[in-house]
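K.L.:
Just a sequence and a predicted model for now, questions to come.
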Amino acid sequence: MAQIIFLHGASSSGKSTIARALQARIEKPFWHISIDHLRDSGVLPMSRFRKGEFRWSDARAAFFDGFHRSLKAYADAGNNLILEHILDTSGWLDTLRRLLADHDVLFVGVHCPLEVLLAREVARGDRPPGSARQDYETIHLGKTYDLDIDTINGVDANVDRVLAAWRSGSRSSSFTA
C-alpha cells in the first residue's frame, strides 16, 4: 500500500509551495505529482493549444482520465505520492476514491483568503482570469478532509500540521467514507 498526501485547494492557493516543503522534510521518499508538472515539462502541446490548432476542450477529458489512472499506477507500483490537484469536475472525487481505494490517502483541504488568491492569480499570469474565484467558491463543497490548512498560517506551520496528521495514521475523509 502506497501513502498519498492529497493537497486539494483552489488555483494559486499555495499547494505547490506546501508540496515542495513537505517533500523536503518527510522521512520517506514521496513523488510530487501535479498537472502543472506535466504542462510545464512539455508533455502537452501547450503552444498548439494556445494557437488554436487544437482545442483543449476536446482533449481535456482524456487527459485527466489518463492522469487519474497514472496516479493509481504509480501508487500500485509502491510509490508514495504528494498529489496536488483541483477536483473541479463532477465525478473526479468518486473516480479517484475508486482508483486509490487500496492506498492510504490523507486528504488535505488547502484554504486561502480570496483576496490573496486573486492577487496570486494576477501575479502568476498563467491561469485563466477568474479561475481562482471560481475554485474558491466551489471546490471545497461536499468534500470532507482529514485536515484543513490555511496558507495564511505559513508554510512551516502547515507542513508541521500535515506531517503530524500523516504520521498519526488517523483518516476520516471523503476517501475513507
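P.N.:
Perfect, thanks for sending it. Numbering: from 1, shown residues only.

K.L.:
what about the longest helix in this protein?
P.N.:
helix 56-76 (DSSP state H).

K.L.:
Do I have it right that A75 meets I4?
P.N.:
Yes: the criterion here is C-beta atoms under 8 Å, and A75 meets it with I4 at 6.2 Å. C-beta here means a position set from N, CA and C on the backbone, and glycine is covered the same way.

K.L.:
Spell out which residues are contacts of both of those two.
P.N.:
Contact criterion C-beta atoms under 8 Å, 6 or more residues apart in numbering; residues shared by A75 and I4: 81, 100, 103.

K.L.:
Narrow these to those in helices?
P.N.:
Going by DSSP H, the helices hold none of the shared contacts of A75 and I4.

K.L.:
for the residues you listed, which one is nearest F49?
P.N.:
Comparing the shared contacts of A75 and I4 against F49 with C-beta to C-beta places L81 closest, at 26.3 Å.

K.L.:
Determine the number of other residues adjacent to F175.
P.N.:
Residues lying near F175 (other C-beta atoms under 10 Å) number 22.

K.L.:
got the shared contacts of A75 and I4 as JSON lines, with distance to L147 and pLDDT columns?
P.N.:
Formatted as JSON lines, these follow (distance: C-beta to C-beta, whole Å; pLDDT from 0 to 100):
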{"residue": "L81", "distance to L147": "16", "pLDDT": "98"}
{"residue": "L100", "distance to L147": "17", "pLDDT": "98"}
{"residue": "H103", "distance to L147": "17", "pLDDT": "98"}
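
K.L.:
most distant residue from the middle of the protein?
P.N.:
Taking C-alpha atoms, centre = their mean, the residue of the chain most remote from its mean C-alpha position is E53, at 28.3 Å.

K.L.:
got the contact list for it?
P.N.:
By C-beta under 8 Å, 6+ apart, the neighbours of E53 are P45.

K.L.:
And it, how far from D150?
P.N.:
41 Å (C-beta to C-beta, to the nearest Å).
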